[in-house]
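with the input below, show me the fold.
(chains A and B, ligands or ions: 2)
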Amino acid sequence: MELTVWTYEGPPHIGAMRIAASMDAVHLVLHAPLGDSYADLLFTMIARSAARPPVSYTSFQARDLGGDTAQLVKTRLAETVARFKPQALLVGEACTAELLQDQPGALALGMGFDIPVIPLELPAFTRKESWGASETFHQLVRALLSGRPMPEGAGDPAGRAQAEGRRPRANLLGPSALGFRCRDDVAEVTKLLDSLGVDVHLVAPAGATPADLTGMLAADFNICLYPEIAHSTCVWLERMFKQPWVRTVPIGVGATRDFLLEVARLTGLDPEPALARARTRLPWFSRSVDSTYLTGKRVFIFGDATHVMAAVRVAREELGFDVVGFGSYSREFARELRALGEDIGVEALITDDYLAVEARVAELHPELVLGTQMERHIAKRIGIPCAVISSPVHVQDFPARYAPQMGFEGANVIFDTWVHPLMMGLEEHLITMFREDSEFDDGEVPERPSQPAQATAPVLADAGEPNPRPAEAGAPAPGESADATEVRWESDAEKELRKIPFFVRGKARRNTENFARERGLSLISVDTLYDAKAHFGR
Amino acid sequence: MTDIPSASSTAGFSSSPNVLAGSSLAVRHERGERQAFCGLSGIVWLHRKMQDSFFLVVGSRTCAHMMQSAAGVMIFAEPRFGTALLQDRDLAGLADANDELDRVVRELLARRPDIGTLFLVATCPSEVIKLDLDTAAARLQQAHGGRVRILAYSGSGLDTSFTQGEDSCLRALVPHLPELPAMQRSLLVVGSLADVVEDQFQRLFDKLGIGPVHFLPPRRAADLPPVGPGTFLIAAQPFVGETMDALRERGSQLITAPFPFGIEGTRAWLLAIAAAWGISTQQVDEVIAAPAARAKTALARYREQLGGKRVSFLPDSQLEIPLGRFLARECGMQLGELGVPYLDRRLMEPELALLPKDTQLTEGQDLEPQLERLRAERPDITVCGLGLANPLEAEGLTTKWAIELVFTPIQGFDQAADLAELFARPLNRRQRLGF
Ligand code: SF4
Ligand code: SF4
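Ligands and ions are numbered 1, 2, ... in the order given. As a prediction, this is how the structure comes out:
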């Protein structure tokens, strides 16, 4: 057993739903108790999709358990196929049904449907959402392509395209429902490939039908846009049909360039014209004098492996931040994440325990958090600015506007979204300059998480209740030693501290207290404050 | 495991004499695919209501994910609920699962010294593997007694649908309620109400001289209300049937009445309580004159907007029947299909008597055929769960999220217009939008 508060990933059948909901003409029958239909709202409310996900539930209850739940499964299967007439049927079970061992997949295979039936093994007590999505996609592709002959010219994208007198073509694999900004990334990457002279043959799972999938092999190579979903499928396609695949995920200016180079190498095309035409403001904005304030901003990054690894590179190389901590809940990519950690000298935090992430953020007290919806909570409680860079996300992270993360336009979007939560350069100086002005009665930003007991109100339940100020709780944060309270501030020092702009005051307080503690001082004077400042630098 | 009560479980309750016994409404019973939350979701409001309590769901990642989705990932703080995730090795040997649970509870109590009452909440998986949380609660109570009270109940989707989880939770509290001293008389209002509504009712009770009045759930789980033969029980929510049964077993007497939605419902509810105190209708009408008049004025505007419009309910929260009654009788709306998750006649008889005689009542759900009926009927507004709302909007139907009706204070005179507003707003929006 493991205690959780929030979870980054749902169970594996949610992953299966993501694939079904991404595609057309596919239906998923889920053997699941009544309450598991909550999952529909992830798609219809959070992602604001206009259609229900193509999922039917058996909705069994206690009174069904004594009887024949298998019959219930058969009824739902028959009704679903008759009503929705899908091109392919996925059959899976949620955690409770797994315990009943009704084997809905086997039941479905025995019912003689004249469409492909793909039974899914989704071990709910050992696996999670991304794995479930990846496995479902893989099984579906496998079921539709197994036994196909090797296409002529397979394994040689350049030669094959040339022989057929056409531009090389690629499958874009991995974009899915509930993924982060997939819709716009696909458009951006399609443009990018076009600029190079490559056509997109198929996007999957998003928007594809099973019939489309059966035509996958007509593409010369695959692009693994979201490894969480598409990695195992790409590997399988390469092994079975010699379809090569592109590894670089084009998030950030550098990665987008590398991506173009990798595709060019694979297809024998000249990347220079495409690189020359690249339009992105990130490098200039980042070099412009107003961005000097970004130098060495301490950031903490957490999310899925793909977005986190890309974000580490962008943060360091393209914005000049210090990555003081990073990590991911994607255990499937632990090896890559650890290797990256070793490269940059920061240990990767591989966990899906929200509380462990919170403790790490509290301990590092970065100036910016780049994370998921969960890190947004954490950052809000601790009083640190935050931008969301990865699923899981909330309704506001499915924007109406065009907001890709990939390609050159994606880099522009990233510059804006990461930098806006921070105080701009001139703003910082003005505030320092006019801090005595009564208009700048700023109020201190809390620097520690409130004691859980003083939890604030859920917005839905009682929106009218004002949130208690977290700062007033004053309990030690998880991971912070209890003796934090032993160091006291002289009132003059406290007054001096208030003269420091509020957005760095938390850091100054912490640094000074640490400084005092290290030196065994129990009382902080104005001098201690400035000694600490001198010791740490700005 | 108990079953979701169906129409057949009418045992034990007598309806008050001023109400028709047995209604003539035809009820369609359906079984099939459901679109409803399970009873775990009650935790989302219960943990706010009883602020000294913590809810430990003993279940799977599905349960944890469900809680997160139902709460919205909007609680900018650590909530007073969490999940003890069952893992492979817990499934293998139950003894281990118990040890593991003991460990998790120990860790939780160490992390959260503020917990006064800890609820272990059973789920589908914990019930299917027969992990007995009642026994576990007793065992843990031994170990941590004195410091916390540890109780268990089921919120599983096998036993409970959405608001029924609250019933299950409150029922678990009943054996722990202190005994009301003999010869004393009190009123116990059952079903969680927003604090502001409780306070309004309390003021009316004070003016009527009805007291002492207690509420279940209380604002602090530590302050459990007393119960005994002198207790008169009244339901404030339509989903507390099992709790009422358990309270009656402790000797208390049930007052049945329509639920306090709208002016008519609130008045009837207060009249039924007053009658038990021997207070006359005239006295009640005097006391409620001002708030009832206020409510009437406030409601008039919405009557204009809602009058003649058709409303349908898909089964969700158990509030459907009293709300349908309010919308039909006080707002002049026409009722389309009225779907309820289950029909609890023990509490619903007075409401059924007030429904228009031709109401099409459906108990249970078979989703797809029900949606087909809905599309054929095309009501002006449909009340439904969160998963269905946007797809129905996309089909051109106007919807109201049922869950909002659970989270918003809607009982009593001063909320009557707010309640109507919840239905008027989606219609109003449709009118404003230029496309
Ligand atoms: S229906 Fe059962 S398995 Fe699903 S969330 Fe509810 S309690 Fe958990
Ligand atoms: S705002 Fe509330 S209702 Fe809307 S998606 Fe978020 S949690 Fe759901």
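
any low-confidence regions in the chain?
I'll assume chain A. Applying pLDDT under 70 to chain A flags residues A:424-485, A:503, A:538.

actually it's chain B I care about, not the one you picked
For chain B, counting by pLDDT under 70, the residues that fall below are B:1-24, B:73-78.

nearest to ligand 2: which residue in it?
Per C-beta to the nearest ligand atom, B:Gly72 is where chain B lies closest to ligand 2, at 2.4 Å. Just so you know, the C-beta spots here come from the backbone N, C-alpha and C atoms, and that holds for glycine as well.

roughly how far does that residue sit from ligand 1?
Separation of B:Gly72 from ligand 1 (C-beta to the nearest ligand atom, to the nearest Å) stands at 16 Å.

ok, how many other residues are close to that residue?
20 (other C-beta atoms under 10 Å in any protein chain shown).

ditto for A:Pro421
The number of residues near A:Pro421, taken as other C-beta under 10 Å, comes to 15.

OK, contacts around A:Val395?
A:Met45, A:Ile46, A:Ala47, A:Arg48 (C-beta atoms under 8 Å, 6 or more residues apart in numbering or on different chains).

how about a cut-off of 7 Å?
A:Met45, A:Ile46, A:Arg48 (C-beta atoms under 7 Å, 6 or more residues apart in numbering or on different chains).

now, of those, which are buried?
A:Met45, A:Ile46 (16 or more other C-beta atoms under 10 Å in any protein chain shown).

I'd like the contacts of A:Val395 written out as CSV, with distance to ligand 2 and secondary structure added.
Shown next, in CSV, are the contacts of A:Val395 (distance: C-beta to the nearest ligand atom, whole Å; DSSP: H, G, I helix; E, B strand; the rest coil):
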residue, distance to ligand 2, secondary structure
A:Met45, 4, helix
A:Ile46, 5, helix
A:Arg48, 8, coil
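
phi first, then psi, for the residue of the stretch 101-250 of chain A found nearest chain B.
Of all residues in the stretch 101-250 of chain A, A:Phe125 sits closest to chain B, at 4.8 Å by C-beta to the nearest C-beta. Taking degrees, to the nearest 10, you get phi -100, psi 0 for the backbone angles of A:Phe125.

re earlier: quick check: the residue of chain B closest to ligand 2 vs A:Ala21, distance?
Applying C-beta to C-beta, to the nearest Å, the value for B:Gly72 to A:Ala21 is 20 Å.

repeat for A:Thr4
For A:Thr4, the distance to A:Ala21 (C-beta to C-beta) stands at 25 Å.

one more: A:Gly174?
From A:Gly174 to A:Ala21 the distance is 15 Å (C-beta to C-beta).

so which of the two has more stuff around it?
The neighbour count for A:Gly174 versus A:Ala21, taken as other C-beta under 10 Å, is higher for A:Gly174 (31 against 26).

list the contacts of that one.
A:Gly174 makes contacts with A:Cys224, A:Leu225, A:Tyr226, A:Ile229, A:Ala230, as judged by C-beta under 7 Å, 6+ apart.

residue contacts, the closest residue to ligand 1 within the stretch 201-350 of chain B?
Ranked by C-beta to the nearest ligand atom, the top residue of the stretch 201-350 of chain B for proximity to ligand 1 is B:Pro341, at 13.4 Å. Contacts for B:Pro341 were tallied using C-beta under 7 Å, 6+ apart; they are B:Ala36, B:Ser161, B:Phe162, B:Pro315, B:Asp316, B:Gln318.

okay, now the third one: neighbour count?
Number of residues near B:Phe162 (other C-beta under 10 Å) recorded here: 29.

correct me, but it touches B:Leu314?
No: assessed by C-beta atoms under 7 Å, B:Phe162 is found out of contact with B:Leu314, at 12.0 Å.

ok, A:Ile251 - contacts?
Applying C-beta under 7 Å, 6+ apart, we find A:Ile251 in contact with A:Ala310, A:Val314, A:Gln405, A:Met406, A:Gly410.

of those, which pair is most distant in space?
A:Val314 and A:Met406 (11.6 Å; C-beta to C-beta).

can you tell me the SS state at residue 293?
All of this refers to chain A. Here A:Tyr293 is helix, with the state taken from DSSP: H, G, I helix; E, B strand; the rest coil.

buried residues in the helix or strand hosting B:Ala246?
Per DSSP states H and E: B:Ala246 is located in helix B:241-249. Within helix B:241-249, the residues scored as buried using 16+ other C-beta under 10 Å are B:Gly241, B:Glu242, B:Thr243, B:Met244, B:Asp245, B:Ala246, B:Leu247, B:Arg248.

which residue, neighbours along the chain excluded, lies closest to residue 40?
All of this is about chain A. Closest residue in space to A:Asp40, ignoring its immediate chain neighbours: B:Gly387 at 3.1 Å, by C-beta to C-beta, 6 or more residues apart in numbering or on different chains.

not quite, go with chain B.
Per C-beta to C-beta, 6+ apart, closest to B:Leu40 is B:Gly155, 4.0 Å.

wait, what's in contact with that neighbour?
When contacts are counted by C-beta under 7 Å, 6+ apart, B:Gly155 touches B:Cys38, B:Gly39, B:Leu40, B:Gly42, B:Ile43, B:Val121, B:Ala122, B:Thr123, B:Gly165, B:Ser168.

if you rank those residues by neighbours, which is first?
That'd be B:Thr123 among those, by other C-beta under 10 Å, with 33 neighbours.

check which element follows the helix or strand encompassing the residue nearest to A:Asp40 along the chain.
B:Gly387 belongs to helix B:386-394 when assigned by DSSP H and E. Per DSSP H and E, the first helix or strand lying C-terminal to helix B:386-394 is strand B:399-401.

show residues contacting stretch B:103-121.
Contact with stretch B:103-121 is made by A:1, A:3, A:452-453, B:40, B:43, B:50, B:52-58, B:84, B:133, B:136-137, B:140, B:144, B:148-153, B:155, B:169, B:221-222, as judged by C-beta under 7 Å, 6+ apart.

of the residues you listed, buried ones?
Applying a neighbour-count criterion of 16+ other C-beta under 10 Å, the buried members of the contacts of stretch B:103-121 are A:1, A:3, A:452-453, B:40, B:43, B:50, B:52-58, B:84, B:133, B:136-137, B:140, B:144, B:148-153, B:155, B:169, B:221.

of those, which are in range of ligand 1?
Contacts with ligand 1 are made by B:Leu40 out of those, judged by C-beta under 6 Å from any ligand atom.

quick one: which of the buried ones among the contacts of stretch B:103-121 sit in strands?
Of the buried ones among the contacts of stretch B:103-121, the ones assigned to strands by DSSP state E are A:3, B:53-58, B:84, B:149-153.

picking that back up, any figure for the gap between the nearest residue to the residue of the stretch 101-250 of chain A closest to chain B once chain neighbours are set aside and A:Asp352?
In space, A:Phe125 comes closest to B:Asp88 once its chain neighbours are excluded; the distance is 4.8 Å by C-beta to C-beta, 6+ apart. For B:Asp88, the distance to A:Asp352 (C-beta to C-beta) stands at 16 Å.

quick revisit: mind putting the contacts of A:Ile251 into JSON lines with neighbour count and distance to ligand 1?
Output for those, formatted as JSON lines (neighbours: other C-beta atoms under 10 Å in any protein chain shown; distance: C-beta to the nearest ligand atom, whole Å):
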{"residue": "A:Ala310", "neighbour count": "25", "distance to ligand 1": "34"}
{"residue": "A:Val314", "neighbour count": "26", "distance to ligand 1": "38"}
{"residue": "A:Gln405", "neighbour count": "27", "distance to ligand 1": "32"}
{"residue": "A:Met406", "neighbour count": "28", "distance to ligand 1": "35"}
{"residue": "A:Gly410", "neighbour count": "28", "distance to ligand 1": "36"}
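
and these, which is closest to chain B?
For the contacts of A:Ile251, the minimum distance to chain B (C-beta to the nearest C-beta) is 20.4 Å, reached by A:Gln405.

tell me the contacts of the closest one?
Here A:Gln405 is in contact with A:Phe180, A:Arg181, A:Asp185, A:Ile251, A:Val413, A:Ile414 (criterion: C-beta under 7 Å, 6+ apart).

try it again at 10 Å.
If you count contacts by C-beta atoms under 10 Å, 6 or more residues apart in numbering or on different chains, A:Gln405 has them with A:180-182, A:184-185, A:188, A:249-252, A:306-307, A:310-311, A:314, A:389-390, A:411, A:413-414, A:417.
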